[in-house]
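K.L.:
Provided below are the primary sequence and the corresponding predicted coordinates.
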Amino acid sequence: MDRSYEILLVDDGSDDDTVGRAEAYSAKHPEVMILRHERPKGFGACLRTALQRARHPLFFYTALDYPYRPSDLKKLLERINEVDIVTGFRSAAPVPETIRTLRGIWGILLRILIGMPPEPLDGWLGAKAHLYSHLMQLFFGVHVGDTDSAFKLFRREIFTRIPIQSNGPFVHVEILAKANFLTCWMDEIPISVQDGAKPEMLIPEFQFRERLRDMHRLFSRPDFGPWPVVDPTANLAPN
């Protein structure tokens, strides 16, 4: 690469050989830093741990529970100069024919009623995941189709006003909701999967219950961190 980078691997209390393999790789590549939790704490806790050590102006995160294609990161990097956040839409699974038909009918009705059809789906994530995305748009103003995608690129500076409160998977929505409230610019780009990915891996498993506590915390007590200190003389013209 033609720029400096670091890879922060957060081991969330795993009980397999992940750490051993990572340490062997880190010994050969000093850019790789291993951060450990003694017990599982959740995806949001992993992000807090990584952000405490991150030192570069761009911050990207991903996970190993979906066959993301690493080369798709280039698509996000090409877009980040114009926005604050770029998030990937997992588009590998095609939209079922029944869903396409129903959305087509719904689109005609919306065009008649308000003159604006719904945005087309880039791919299919399962009924629960899409329902969840619609609910997050309604309650938290998150206007992306794949809220739970763990393939996101940020300007790291935005996290000075977005302290992470969630411990679990609700963290994806929390960050986007707070960024939207702070008028950050964001974009969503379709991403693919690694070659040879099995079809059953393309529809992510979804559990709603594990998000409820973090959702309630954000809804009732959102934290936006300390207000930035502004020098009142900074914009005064010189005498």
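P.N.:
Yes, it's here. Numbering: from 1, shown residues only.
K.L.:
Just to be sure, P190 is in a helix?
P.N.:
No - under DSSP: H, G, I helix; E, B strand; the rest coil, P190 falls outside any helix and is assigned strand.
K.L.:
Number the residues from 43 up from this point.
P.N.:
That works, and once the first residue is 43, the last one we named lands at P232.
K.L.:
Now for A219: which residues touch it?
P.N.:
Neighbouring residues of A219 by C-beta atoms under 8 Å, 6 or more residues apart in numbering: M178, F182, G183, V184, L260. Just so you know, the C-beta spots here come from the backbone N, C-alpha and C atoms, and that holds for glycine as well.
K.L.:
how about a cut-off of 7 Å?
P.N.:
Counting by C-beta atoms under 7 Å, 6 or more residues apart in numbering, A219 makes contact with F182, G183, V184.
K.L.:
Could you pull out the buried residues of the helix or strand encompassing it?
P.N.:
Here A219 sits within helix 213-223, counting by DSSP states H and E. Going by neighbour count (16 or more other C-beta atoms under 10 Å), the buried part of helix 213-223 is V213, H214, V215, E216, I217, L218, A219, K220, A221, N222.
K.L.:
Report the two of the residues you listed separated the most.
P.N.:
V213 and N222 (14.8 Å; C-beta to C-beta).
K.L.:
Toward the C-terminus, what is the element adjacent to the lengthiest helix in the chain?
P.N.:
Taking DSSP state H as the criterion, the chain has its longest helix at helix 139-156. Using DSSP H and E, the helix or strand that follows helix 139-156 in sequence is helix 169-182.
K.L.:
quick one: strands adjacent to the helix or strand just after that following helix?
P.N.:
Where DSSP H and E defines the elements, the next helix or strand beyond helix 169-182 is strand 193-197. Strand 193-197 sits in its sheet next to strand 100-104 (antiparallel), strand 127-132 (antiparallel), going by DSSP bridges.
K.L.:
So in this protein, where's the weakest helix or strand by average pLDDT?
P.N.:
Least confident helix or strand of the chain, by mean pLDDT, DSSP states H and E, is helix 139-156 with a mean of 80.
K.L.:
If you count neighbours, what's buried in that one?
P.N.:
For helix 139-156, a neighbour-count test (16+ other C-beta under 10 Å) marks R145 as buried.
K.L.:
returning to what we had before: quick one: which of the contacts of A219 is nearest to R255?
P.N.:
The closest of these to R255 turns out to be F182 (C-beta to C-beta; 15.4 Å).
K.L.:
and that closest one, what is it in contact with?
P.N.:
F182 makes contacts with V215, A219, as judged by C-beta under 7 Å, 6+ apart.
K.L.:
Retrieve the pLDDT associated with it.
P.N.:
Confidence at F182, expressed as pLDDT, is 91.
K.L.:
next one: V272
P.N.:
Looking at V272, its pLDDT is 51.
K.L.:
for this protein, which spans come out with low pLDDT?
P.N.:
Counting by pLDDT under 70, the ranges of the chain that qualify are 43-44, 158-160, 269-281.
K.L.:
if we go to 90?
P.N.:
Within the chain, the stretches with pLDDT under 90 are 43-46, 55-72, 80, 106-107, 141-164, 185, 240-252, 260-264, 266-281.
K.L.:
so V137 sits in a strand?
P.N.:
No - assigned with three-state DSSP, V137 falls outside any strand and is coil.
K.L.:
Contact partners for it?
P.N.:
Counting by C-beta under 7 Å, 6+ apart, V137 makes contact with L163, G165, W166.
K.L.:
ok, of these, which one's closest to E120?
P.N.:
Of all the contacts of V137, G165 has the smallest distance to E120: 20.2 Å, by C-beta to C-beta.
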